[in-house]
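Enquirer: A structural model of the following input is requested.
(4 chains)
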2 protein chains.
Amino acid sequence: MIARQDVQQADVPAICKSCEARQDGLCGAFNARQLTELARASSRHEVLAGAELPNDGTYSNLLSGVVKLTRNLSDGRQQIVGFHFAPDFLGRPFEAKRPIRAEALTNVALCSFPKAIIDRMANEMPELGRLLLKHALNELDEARDWMAALGRKTASEKVASFLLMVARNTDPAHSPANPISFDLPLTRTDIADFLGLTIETVSRELSRLRSDGTIRIVNKRQISLASIARLEERCGD
Amino acid sequence: MIARQDVQQADVPAICKSCEARQDGLCGAFNARQLTELARASSRHEVLAGAELPNDGTYSNLLSGVVKLTRNLSDGRQQIVGFHFAPDFLGRPFEAKRPIRAEALTNVALCSFPKAIIDRMANEMPELGRLLLKHALNELDEARDWMAALGRKTASEKVASFLLMVARNTDPAHSPANPISFDLPLTRTDIADFLGLTIETVSRELSRLRSDGTIRIVNKRQISLASIARLEERCGD
DNA sequence: GACTCGCCTTGATCGAGATCAAGGTTTTGC
DNA sequence: GCAAAACCTTGATCTCGATCAAGGCGAGTC
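Expert: Model (predicted):
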């Protein structure tokens, strides 16, 4: 699912076809004239797996890959507070001072827009402001769902919920009844830091799900689910 | 601090002086003509402690009181995913279908604006859209701070962080070195549901903080802190 | 091949916080 | 005022997930 070859063929200029075609991303809101202007100002670039994304106030469409957002306590304890899967939209226009870092989990391709241009266009076009707001509220809803998981779910419910989330982001249109298979773009350490568990507990819970037939672990990173419905029974909500 | 008498004297009409005076609320963004129009459309009302706030798409300034946002798992486990303290701004224009309920913890006074009017004004005035976005991003940052607490802090760090948050919202300008005292607007059950703990653990941690002199528990609901700095040492970040 | 290094799994034991239980205090209602 | 109910505290015990420990697997390197 994390299509590495997308990152290789990265010679699409300026505002890329993938942006224009995408309903979900920022570009859906613009008219043809604005898209032409954006094309001149935007830039496409790659970030390698493991590298930190710059927090420079630019807005970006995430064209391929997976990004994690982490927040650290002073003694090094780490919590992952969110993920971005392609084709999400990334942007933090205000208050970028919080101790939250964005890091590429896989190789990542971005189409970035300078803050100044987007801000000016948002002034001309209220529709764009509403789109940005809608994105922020979706992220807020997701954050609150995970708060409930972190505070009140058991370890096995957390792992089941996590697998469901990855499956849905990997293949959103998939039927709940059919088997589905995907690459986990995270190490066990990342999963643990997301779920507020240790790597040992994550590993044990995955083994338990494997031994009762809910999942198959092909490759450490490659998981296949017997059915989404089967996991939904175990995720606590 | 939760000024109950404010709720009693609730005969301010339409768009209230408290709204206009408030930097933080929605009204800061409007010009005089728009404020006059809003005055006709807005309504002030009260919600009693314990009652649920309607999720009807209206936007509101929270004039006094405290509101909790809760999310429940299917078997009744509850997680509090956020608070609103006066003078916060409340609003969920999109995707109100998530299983999140807003409930008044104290008596609450609201100044509400119909969604249709705000939406139209947001179209006329990009500044308003940016204000709404800024509020949503602040809430997102807070949610992520609490994700880190839920996932990675110990019980005593959670309780210390919680007391700090209430203290800061109660008297944001207070010096970190001086003592401060405030009403806890929550039961032990609410605190536990916010921190992902049980009421017994919350009670024990409060007792521990009392016995080592960090806090004084006057009245079950009335807490006084020796100093904010003292608590900050214990909150883990 | 064999060595190393990073990552994962599994087992044994421990401990923070949950659960169970009893009693205290504050509020409410008569 | 008293009784009942709601809420809070404290103690005893248990359990889930953390910690400690050992070894496996796979990729890269020599």
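
Enquirer: correct me if wrong: A:Val67 contacts A:Ile80.
Expert: No: the criterion here is Cβ atoms under 8 Å, and A:Val67 misses it with A:Ile80 at 10.6 Å. Placement of C-beta: from N, CA and C, glycine included.

Enquirer: neighbours around the residue of chain A found nearest DNA strand D, how many?
Expert: Going by Cβ to the nearest atom of the strand, DNA strand D is nearest to A:Thr201 of chain A, at 3.1 Å. Neighbour count for A:Thr201, taken as other Cβ atoms under 10 Å in any protein chain shown: 18.

Enquirer: and the gap between the closest residue to A:Val67 other than its chain neighbours and B:Asp145?
Expert: Leaving aside its sequence neighbours, A:Val67 sits nearest to A:His84 (Cβ to Cβ, 6 or more residues apart in numbering or on different chains; 4.2 Å). To B:Asp145, A:His84 is 19 Å away according to Cβ to Cβ, to the nearest Å.

Enquirer: the more surrounded of those two?
Expert: Using other Cβ under 10 Å as the criterion, A:His84 and B:Asp145 rank with A:His84 on top: 22 against 19.

Enquirer: helix or strand right after the helix or strand encompassing the more buried one?
Expert: If you go by DSSP states H and E, A:His84 is part of strand A:78-85. Remark: after strand A:78-85, the chain's next helix or strand is strand A:89-90, criterion DSSP H and E.

Enquirer: that next one vs chain B: in contact?
Expert: No: Strand A:89-90 is not in contact with chain B by Cβ under 8 Å from any Cβ of the partner chain; minimum separation 12.9 Å.

Enquirer: ok, stretch A:42-60 near DNA strand C or not?
Expert: No: counting by Cβ under 7 Å from any atom of the strand, DNA strand C is not contacted by stretch A:42-60; separation bottoms out at 8.7 Å.

Enquirer: before we move on, back to that, retrieve the pLDDT associated with the residue of chain A closest to DNA strand D.
Expert: We have a pLDDT of 98 for A:Thr201.

Enquirer: dump the residue contacts of it.
Expert: The contact partners of A:Thr201, taken as Cβ atoms under 8 Å, 6 or more residues apart in numbering or on different chains, are A:Ala155, A:Ala192.

Enquirer: quick check: phi and psi at the nearest residue to A:Leu53 once chain neighbours are set aside.
Expert: Leaving aside its chain neighbours, A:Leu53 sits nearest to A:Ala102 (4.1 Å; criterion: Cβ to Cβ, 6+ apart). For A:Ala102, the backbone dihedrals (degrees, to the nearest 10) come out as phi -110, psi 130.

Enquirer: circling back to that earlier point, against chain B, how distant is the residue nearest to A:Val67?
Expert: Separation of A:His84 from chain B (Cβ to the nearest Cβ, to the nearest Å): 13 Å.

Enquirer: thinking that residue is in contact with A:Leu63, fair?
Expert: No: counting by Cβ under 8 Å, A:His84 does not reach A:Leu63; the two are 11.3 Å apart.

Enquirer: find me the pLDDT at the residue nearest in space to the middle of chain A, would you?
Expert: In chain A, the centroid-proximal residue (Cα atoms, centre = their mean) is A:His84; its distance is 1.6 Å. With respect to pLDDT, A:His84 scores 94.

Enquirer: ok, A:Arg120 next?
Expert: 87.

Enquirer: for it, what are its contacts?
Expert: No contacts exist for A:Arg120 under Cβ under 8 Å, 6+ apart.

Enquirer: and it, what element?
Expert: Using DSSP H and E, A:Arg120 sits within helix A:115-124.

Enquirer: tell me which residues of that helix are tucked away?
Expert: Neighbour counts over helix A:115-124 (16 or more other Cβ atoms under 10 Å in any protein chain shown) mark A:Ile117, A:Ile118, A:Asp119, A:Met121, A:Ala122 as buried.

Enquirer: pretty sure A:Ala102 sits against A:Lys68.
Expert: Yes: between A:Ala102 and A:Lys68 there is a contact under Cβ under 8 Å: 7.3 Å.

Enquirer: quick revisit: element containing the residue of chain A closest to DNA strand D, please.
Expert: helix A:199-211.

Enquirer: what's the spacing between that helix and its chain's center?
Expert: The gap between where helix A:199-211 is centred and where its chain is centred comes out at 23 Å by Cα atoms, centre = their mean, to the nearest Å.

Enquirer: need the next SSE after that helix, C-terminal direction.
Expert: Downstream of helix A:199-211 (by DSSP H and E), the next one is strand A:215-217.

Enquirer: give me the buried positions along the following helix or strand past that following strand.
Expert: Once the chain leaves strand A:215-217, the next helix or strand it forms, by DSSP H and E, is strand A:222-225. For strand A:222-225, the neighbour count (16+ other Cβ under 10 Å) marks A:Ile223, A:Leu225 as buried.

Enquirer: who touches strand A:222-225?
Expert: A:163, A:167, A:179-184, A:214-218, A:231.

Enquirer: tell me, how many residues neighbour A:Arg144?
Expert: 25.

Enquirer: which secondary structure state does it sit in?
Expert: helix (DSSP: H, G, I helix; E, B strand; the rest coil).

Enquirer: nearest residue to it other than its sequence neighbours?
Expert: Per Cβ to Cβ, 6+ apart, closest to A:Arg144 is B:Val81, 4.0 Å.

Enquirer: repeat that for A:Phe182.
Expert: Per Cβ to Cβ, 6+ apart, closest to A:Phe182 is A:Thr170, 4.2 Å.

Enquirer: which residues does the one you found contact?
Expert: Contacts of A:Thr170 by Cβ under 8 Å, 6+ apart are A:Met1, A:Phe85, A:Ile180, A:Phe182, A:Asp183.

Enquirer: looking at those, which are in strands?
Expert: Counting by DSSP state E, the contacts of A:Thr170 place A:Phe85, A:Ile180, A:Phe182, A:Asp183 in strands.

Enquirer: all set, thanks.
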